[in-house]
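J.: make a model of this:
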Amino acid sequence: PGPHDLAQQILEHQNPSYSFSFSRFLLTSQRFGISHTRPVCKAYLQGHCPAGNACPDRHITQSNNSNFNNLVCKHWLRGLCKKGESCEFLHEYNLRKMPECNFFVRNGYCSNGDECLYLHIDPNSRLPPCPWYERGFCPLGPHCSKKHVRKTLCEFYLAGFCPDGPQCKRGVHARYPTDLAKPTVRVEKTAEEIEEEQRVLRENAEREEEKEREKHIAAGGEGGSERGRGR
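T.: Predicted coordinates:
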């Protein structure tokens, strides 16, 4: 297949469907396993569906239709979500809506690397914007410890007056505060320092995981199970 066909296979990938002896029970009692392509039940939207759990269509509640489901369900990613269509999170593989990897946030690295199912967000993207740069010029340039975000100025404001004032959506209105703190230089770490820092974090994380594993075994668990790293 050509590049276009391969791209379509990736974008329109369909998970294999499996059938178990208890699938019928889950479908009739918990409505687990109903395809997301099924239409929404009109009777249920009106308040009551006479077919109940035997209805072949989806029963969407108000909470399902809210802005809550803007993240992919971490349990669904591992095939372990028990809520089915009543889950408040998305049951679809969408790279733009994946939950963030808490392990990466806490430790600065992830032992799963590129194979991790969750988002690894660059810590530099979390830096606060530089007020000096927003005013027009930062003397430290690329060495500034804060983030320099390029923005387009409003052409009307540059000409002297913008009729939309604070509600303007054409561009930014420059501000000139006089009480700004002195900008600070970004501390650049060497590759050796970064490696040493990650080694310490890795050792601390391994000790914490070992403690959790011991607690789990002491509580009657079997141990060795990998926990989810999402929300």
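J.: scan this protein for its longest helix.
T.: Across the chain, the helix with the greatest residue count (assigned by DSSP state H) is helix 191-218.
J.: any idea of the mean pLDDT for that one?
T.: The average pLDDT within helix 191-218 is 77.
J.: same question for stretch 129-148.
T.: For stretch 129-148, mean pLDDT rounds to 87.
J.: tell me the buried residues in that stretch?
T.: 130, 132-134, 138, 140, 144, 146 (16 or more other Cβ atoms under 10 Å). Using the backbone N, CA and C atoms, a C-beta is placed for each residue, glycine as well.
J.: now the two most distant members of the residues you listed.
T.: E134 and L140 (13.8 Å; Cβ to Cβ).
J.: any idea which helix or strand in the protein has the lowest mean pLDDT?
T.: When the helices and strands of the chain are compared on mean pLDDT, DSSP states H and E, helix 23-29 comes out lowest with a mean of 69.
J.: which residues in this protein form helices?
T.: Going by DSSP H, the chain shows helices at 3-11, 23-29, 42-45, 74-77, 102-107, 131-135, 155-159, 191-218.
J.: pull the CA atoms of the fourth one into CSV?
T.: When you say that, I think you mean helix 74-77. Below are the C-alpha coordinates for helix 74-77, written out as CSV (Å, rounded to 0.1, in the frame of the first residue of the first chain):
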residue,chain,number,x,y,z
LYS,A,74,-6.8,5.9,30.9
HIS,A,75,-8.5,2.7,31.9
TRP,A,76,-10.0,2.3,28.4
LEU,A,77,-6.4,2.6,27.0
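J.: and that helix, what does it pack onto?
T.: On a contact count with 3 or more Cβ pairs under 8 Å, 6 or more residues apart in numbering; DSSP states H and E, helix 74-77 meets no helix or strand.
J.: next, count neighbours for the closest residue to F89 other than its chain neighbours.
T.: Once flanking residues are discounted, F89 sits nearest to C73: 3.7 Å by Cβ to Cβ, 6 or more residues apart in numbering. The local packing of C73 (other Cβ atoms under 10 Å) involves 20 other residues.
J.: now do the longest helix of the chain: which elements does it pack against?
T.: Secondary-structure packing of helix 191-218 (3+ Cβ pairs under 8 Å, 6+ apart): helix 102-107.
J.: residue farthest from the centroid of this protein?
T.: G160 (41.8 Å; Cα atoms, centre = their mean).
J.: rewinding a little: the residue nearest to F89 reaches G84, doesn't it?
T.: No: here C73 lies out of contact with G84, judged by Cβ atoms under 8 Å, at a distance of 10.4 Å.
J.: if I look at the residue nearest the centre of the chain, how far off is P123?
T.: Residue closest to the average C-alpha location in the chain (Cα atoms, centre = their mean): P99, at 3.0 Å. Distance, P99 to P123, by Cβ to Cβ, to the nearest Å: 17 Å.
J.: and the gap between the residue nearest to V172 when sequence neighbours are not counted and K42?
T.: Spatial nearest neighbour of V172, chain neighbours left out: K151 (4.4 Å); criterion: Cβ to Cβ, 6+ apart. K151 sits 47 Å away from K42, going by Cβ to Cβ.
J.: roughly how far does T152 sit from D164?
T.: 15 Å.
J.: of the two, who's got more company?
T.: D164 (12 against 8).
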